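Trainee: The amino acid sequence is not available; the structure is as follows:
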């Protein structure tokens, strides 16, 4: 199997998941052991995990993208049992930057994808071992994942791997730690400054990836600088464990205190359970990925409910609510494309996320109200900012309602019943579906 074939196989799996809007887990490993897990939500990779250096990976991504935090706070974050979940909760509470969190998550995913390619290449070169892929369509993304703004993670990783190959570093693993084994000879063959730098870096405790973050140098360039010494057996690359699992001391910073109180639910699995279903996931009941004309042709006799939100987790939550109803649910992930797509779709009800890149919900609602075709179309803003000033501002820009997050079925269904049962905006096919009414009868 060539390197191209390895990438081609993985690319096929990722593209198939994207086309099928797959939600679940892709487990990757050998015949005897699972090594890596890719978590998908409606076709998008939202997380990746492996047993190797999970704390180190989280720790160095925080060092790279949140260097303003104290070392102790970053240490406390990395040692959280559910570091993704707890920080995601801070993002949803607007106590941590969503953009920074996206960068951190993308960084972790990139490292795992790179390791899959690298380890698969080494395994095949040495023993002709091939990877085994197992798909589980259970709700593997059952945690508060944060939208990654459709980051081209996989494409970026492929470029990083090709650069690693061009630098002739295929035989060197970035998860190994350099350590000086012949200090006397190394000192003779280098300047005092270079020797002292090498002695401080090559201590056998930090991996090549750790050192790249620590020094601010590109990983490939840092590794290449050590290769001459490695080839002369003056420095060796050794295995190193994950960060210490010792319980961190009592945190003092605001972020670590918040994380400590975030709870321990929805823990991500480290291994698929025996007997987990391994079959392709069917097409999700949502129109993500279809063109506006395709959606229109499929929904001529059904009312369209549109939701503008770049977060795939929230989009999937809304899709689940409308699954099996007489309404056609459509997600529009890019707020910059919202107006032309809404004009093509002519929805009878519009939900808008408040916090989105470039254009927020208030601004988009105001733009919608300037279009005569949407003068009487109900617009509901959805957000975590459930305060009186936010509600007032929503009303000022023309919103008909204001729903808090996380998304829950009953408030959404109440909004549907309230706004789609009036004669002025009666759906073309039928009024409120029976199962909508039945699900709310006890509370109305």
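Mentor: Right, received. Where do you want to start? These numbers were taken from a predicted model, which means no experiment stands behind them.
Trainee: burial count for residue 328?
Mentor: Number of residues near residue 328 (other CB atoms under 10 Å) recorded here: 25. C-betas here are computed from N, CA, C, even on glycine.
Trainee: Skip the chain neighbours and tell me the closest residue to residue 11.
Mentor: In space, and not counting its chain neighbours, residue 11 is closest to residue 154: 7.2 Å by CB to CB, 6 or more residues apart in numbering.
Trainee: wait, residue 333 sits on residue 315?
Mentor: Yes. With contact defined as CB atoms under 8 Å, residue 333 reaches residue 315; the gap is 7.0 Å.
Trainee: More neighbours: these two, which one.
Mentor: Shown here are residue 333 and residue 315; by other CB under 10 Å, residue 315 has more neighbours (27 against 22).
Trainee: Next one: that one from residue 330, what distance?
Mentor: 10 Å (CB to CB, to the nearest Å).
Trainee: what about the spatially most central residue of the chain, which SS state?
Mentor: Nearest residue to the geometric centre of the chain (CA atoms, centre = their mean): residue 46, 2.8 Å. Recorded secondary structure, residue 46: strand (DSSP: H, G, I helix; E, B strand; the rest coil).
Trainee: Which secondary structure element is home to the residue nearest to residue 11?
Mentor: Per DSSP states H and E: residue 154 is located in helix 153-166.
Trainee: now for that helix, which elements pack on it?
Mentor: Packed against helix 153-166 by the contact rule (3 or more CB pairs under 8 Å, 6 or more residues apart in numbering; DSSP states H and E) you find helix 3-19, helix 98-127.
Trainee: and the helix or strand following that helix, what other elements does it pack with?
Mentor: Moving toward the C-terminus from helix 153-166, the next helix or strand (DSSP H and E) is strand 177-180. Under the contact definition 3+ CB pairs under 8 Å, 6+ apart, strand 177-180 sits against helix 192-201, helix 208-215, strand 235-238.
Trainee: can you do 7 Å?
Mentor: strand 235-238 (3 or more CB pairs under 7 Å, 6 or more residues apart in numbering; DSSP states H and E).
Trainee: what lines up beside the strand it packs on in the sheet?
Mentor: Pairing partners of strand 235-238, with direction, according to DSSP bridges: strand 177-180 (antiparallel).
Trainee: What lies in contact with the partner strand?
Mentor: Contact with strand 177-180 is made by 186, 198-199, 202-208, 226, 234-238, 240, as judged by CB atoms under 7 Å, 6 or more residues apart in numbering.
Trainee: do that again at 10 Å, thanks
Mentor: Around strand 177-180, the neighbours that count as contacts under CB atoms under 10 Å, 6 or more residues apart in numbering are 172, 186-187, 195, 198-199, 201-211, 222-223, 226, 229-230, 234-241.
Trainee: Next: stretch 197-207.
Mentor: Residues outside stretch 197-207 that contact it (CB under 10 Å, 6+ apart): 53, 56-57, 60, 173-181, 183, 186-187, 190-191, 208, 210-215, 219, 222, 225-226, 229-230, 234-241.
Trainee: Just the endpoints, please. Distance across stretch 226-235?
Mentor: End-to-end distance for stretch 226-235, by CA to CA, to the nearest Å: 8 Å.
Trainee: starting at the chain centroid, how far to it?
Mentor: Once both centres are worked out by CA atoms, centre = their mean, to the nearest Å, stretch 226-235 turns out to sit 38 Å from its chain's centre.
Trainee: Show me which residues of it are buried.
Mentor: For stretch 226-235, burial by neighbour count (16 or more other CB atoms under 10 Å) applies to 226, 229, 230, 234, 235.
Trainee: repeat for stretch 194-210
Mentor: 195, 198, 201, 202, 204, 206, 207, 208, 209, 210.
Trainee: Name the nearest of those residues relative to residue 352.
Mentor: residue 209 (39.9 Å; CB to CB).
Trainee: just checking, the closest one touches residue 175?
Mentor: Yes. Assessed by CB atoms under 10 Å, residue 209 is found in contact with residue 175 at 6.7 Å.
Trainee: circling back to that earlier point, can you list contacts of the helix holding residue 154?
Mentor: So helix 153-166 is contacted by 3, 6-7, 10-11, 14-15, 18, 38, 44-45, 48, 105-107, 109-118, 121, 152, 169-170, 172, 174, 218-220, 223 (CB under 10 Å, 6+ apart).
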